[in-house]
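Trainee: structure for this input, please:
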Amino acid sequence: MTTLTKAPAGPGRPAKLKGRRALRHWLLEGLPEGGGKRQGPHGRPGKNHRRRPWWQVMCLTGLDYFSTLGYQPAIAALAAGVLAPLATVVLVLVTLLGALPVYKRVARESPHGAGSIAMLERLLPRWWGKFFVLALLGFAVTDFMITITLSGADATAHIIENPFTPDFLHGHNVAITLILVAGLAAVFLRGFKEAINIAVVLVAVFLSLNLVVIGTALVHVAANPLPTADWWTALTTQHGNPLTAVAVALLVFPRLALGLSGFETGVAVMPQIKGEPLDTAAHPAGRIKGAQHLLTTAAVIMSTFLITSSLATTILIPAAEFQPGGSANGRALAFLAHDLLGEGFGTVYDVSTIAILWFAGASAMAGLLNLVPRYLPRFGMAPQWAGAVRPLVLVFTACAIVITIVFKADVDAQAGAYATGVLVLITSAAVAVTLSARRQGQKWRALGFGAISLAFCYTTVTNIVERPDGIRIAALFIVAIVVVSLLSRLRRSFELRASYVRLDEAALAFVSAVDGGHIRVISHDPKTRSAAAYRRKLAHAAQVNEIGQPSAVLFMEVIVDDSSDFETALEVRGITRHGFRILEVHSSNVPNTIAAVLLHIRDITAVVPHIYFRWTEGNPITNLLKYLFVGEGEIAPVTREVLREAEPVLTRRPWVHVG
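Mentor: All right, here's what the predicted structure looks like:
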């Protein structure tokens, strides 16, 4: 690579290579940051980052959560008609009595921004747990991707419906939304910095304007009882029995599930919250307390706005205006702002709504950029470039463009997909805290969370049945993630997988007592630990490989705990069993672990070790599959291949003997 850089410029090709290298360097800039730091508001704070009070971080969450006021009242009216206020009350009860307690516990048990997915990963280990996490990642990607496209589509609706918008823009919703999505990508490709200050301003202005609009609307309702009487007449005519009205409200509630968005984002931004001086990484009590304040305050504020906005819009806006093509479709509060407070104020409201909806897409993009690298590379299930920001931005932007075109930038058409992603994540969180409470012996809490889980399961299934678009999109993302993950895991199967290697005092003493400048290690299956088994293995190695002094030989035993883990920390213990000296280590696979330990021994002793194997019996293809999924199989040749890839200098590579 150095030669290419210093070579004299030729007729075209060197410049082309240089251009490609520059492009690759730009795309992969910052790959990867060891501290888990990522660009964007969901990233972990770096060394010089100043954490913020919980109420400021709440505004960051509010980019996603509070911005749904831009379209939620219209979606509620379209879904429930005159029952929209009652259905919204059901939504608020589910928020305060269901989602809020669940996520307050998630905040306590997963305080580092990993959310409920990390809880389920701990509760459901091994391969089934990994595949379950991949499936949840598919739904999370659905949630965040639809946040980008739906928010962009609703921002477009506010642009188009503004009376000062030029006529030539009408009918070009898809093109305008694509421009907004491209602008979002441009921000992240340039380098997205922390945006909490901007978020505070946007949320404060947006909520203040909504307070004015809703307050004016409610005053208008109180001063003019006729619209209220008309709404009440329609309600009692269509649903004369109160129990029937409640039942219908419960049935249509899943269509209003967009109002539950923001909880997963709320726990994702926890690393941004300023804790207390006595907080530690293991027990950040101050951060947890701040996050719980954040979740509670955001839920109460949003619940208040949801009920009052639904009541005002349902009473004051004719039902026909909520239908596709109507002036209030996807923008009910903006309709009231223009109608009750004039075009000037309405335009100010539109600008504020457009800004927060567009920034909600930025928050969602930042969430994606932190969620995907948090899991897939650690599972060994992502290409190397998945740890960089810009390639992921391009991938997610391409997906957003396709979704926008397929759904024609229609807010109503995307509502089902958005609700599916939100509901699956909330349901998984409810299940996670239920399992956690059960494991901790908290019987009554487990029963309570179990009931909440059942309620969310019902809501999720109902939403999927009524609006299957969400599950289809999620299925596409899940299939793509699983296929790419397995191919990546296969391609990276011969990498070293140790996050670090540490030998205890006994193990260090074993490897330090070298025999004539040679460290000889025999690989041994820990399933057979009888004295006779060690003697047979030693005798075979001595006979086949002529290892010299058998008494100076070490045994190495790798105990496979969870073969689905990709990267593990290797703690090597030196033990003596039946008079034989043994290096024992727990890991996720055998060959990669042996290679990592041998290289570490070489580095700390300056002696290139020798490792001795016996050929593995059985079908080679079967053994290869065992290696990929069980961590065993063809141990000798795979160990040699891992060493070959890890150490290109032949004379520094540990010796592999097979007999």
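
Trainee: contacting residues around Val57?
Mentor: With contacts taken as C-beta atoms under 8 Å, 6 or more residues apart in numbering, Val57 has the following neighbours: Ile196, Val269, Gln272, Ile273, Gly290, Leu294. The way it works is simple: take the backbone N, C-alpha and C, and place the C-beta from them, glycine included.

Trainee: in the residues you listed, find the pair that's most separated.
Mentor: When C-beta to C-beta is used, the two most widely separated members of those are Ile196 and Gly290, lying 13.7 Å apart.

Trainee: which of the two has more neighbours?
Mentor: Taking neighbours as other C-beta atoms under 10 Å, Ile196 and Gly290 compare with Gly290 leading, 26 against 18.

Trainee: how about that one, secondary structure?
Mentor: With DSSP: H, G, I helix; E, B strand; the rest coil as the basis, the three-state label of Gly290 is helix.

Trainee: also Ser303?
Mentor: The three-state label given to Ser303 by three-state DSSP is helix.

Trainee: that one contacts Val94, correct?
Mentor: No: in terms of C-beta atoms under 8 Å, Ser303 does not count as a neighbour of Val94; the distance is 10.1 Å.

Trainee: mutual contacts of the two, please.
Mentor: Here Ser303 and Val94 have no joint contacts, going by C-beta under 8 Å, 6+ apart.

Trainee: ok so, going back, return the member of the contacts of Val57 nearest to Ile117.
Mentor: Nearest to Ile117 out of the contacts of Val57 is Val269 (C-beta to C-beta; 15.0 Å).

Trainee: could you check how far that closest one is from Ser363?
Mentor: In this structure, Val269 and Ser363 are separated by 9 Å, where distance is defined by C-beta to C-beta, to the nearest Å.

Trainee: how about His518?
Mentor: For His518 relative to Ser363 (C-beta to C-beta), the value is 59 Å.

Trainee: between those two, which has more neighbouring residues?
Mentor: Using other C-beta under 10 Å, the more surrounded residue of His518 and Ser363 is Ser363, with 29 against 16.

Trainee: backbone phi and psi for Ile519, please?
Mentor: For Ile519, the backbone dihedrals (degrees, to the nearest 10) come out as phi -110, psi 110.

Trainee: what is the burial count for it?
Mentor: When neighbours are counted by other C-beta under 10 Å, Ile519 registers 24.

Trainee: skipping adjacent residues, who's closest to it in space?
Mentor: Excluding the flanking residues, the one nearest Ile519 by C-beta to C-beta, 6 or more residues apart in numbering is Pro609, at 4.0 Å.

Trainee: just give me the neighbour total for the one you found.
Mentor: 21.

Trainee: what are the ranges of the helices in the stretch 51-200 of the chain?
Mentor: Per DSSP state H, counting those that start in this stretch, the stretch 51-200 of the chain has helices spanning 54-65, 72-80, 84-94, 100-109, 115-123, 126-161, 173-190, 196-223. These are given in chain order.

Trainee: reformat the ones you listed as CSV; add distance to Gly450 and mean pLDDT.
Mentor: Shown next, in CSV, are the helices of the stretch 51-200 of the chain (distance: least, C-beta to C-beta, whole Å; pLDDT from 0 to 100):
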stretch, distance to Gly450, mean pLDDT
helix 54-65, 26, 86
helix 72-80, 28, 87
helix 84-94, 15, 90
helix 100-109, 11, 93
helix 115-123, 14, 80
helix 126-161, 19, 85
helix 173-190, 40, 87
helix 196-223, 35, 92
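
Trainee: so which of those gets nearest Glu505?
Mentor: helix 115-123 (31.0 Å).

Trainee: from the contact counts, what lies against that closest one?
Mentor: The criterion is 3 or more C-beta pairs under 8 Å, 6 or more residues apart in numbering; DSSP states H and E, and the helices and strands that helix 115-123 contacts are helix 100-109, helix 126-161, helix 263-268, helix 332-379, helix 411-439.

Trainee: among the ones you listed, which is the most enclosed?
Mentor: When neighbours are counted by mean count of other C-beta atoms under 10 Å, the highest per-stretch mean among the helices and strands packed on helix 115-123 falls to helix 263-268, a mean of 27.

Trainee: who touches the closest residue to Lys130 other than its chain neighbours in this structure?
Mentor: In space, not counting the residues next to it along the chain, Lys130 is nearest to Ser564; the distance is 4.8 Å by C-beta to C-beta, 6+ apart. Remark: with contacts taken as C-beta under 8 Å, 6+ apart, Ser564 is in contact with Pro125, Arg126, Trp127, Gly129, Lys130, Phe379, Ser588.
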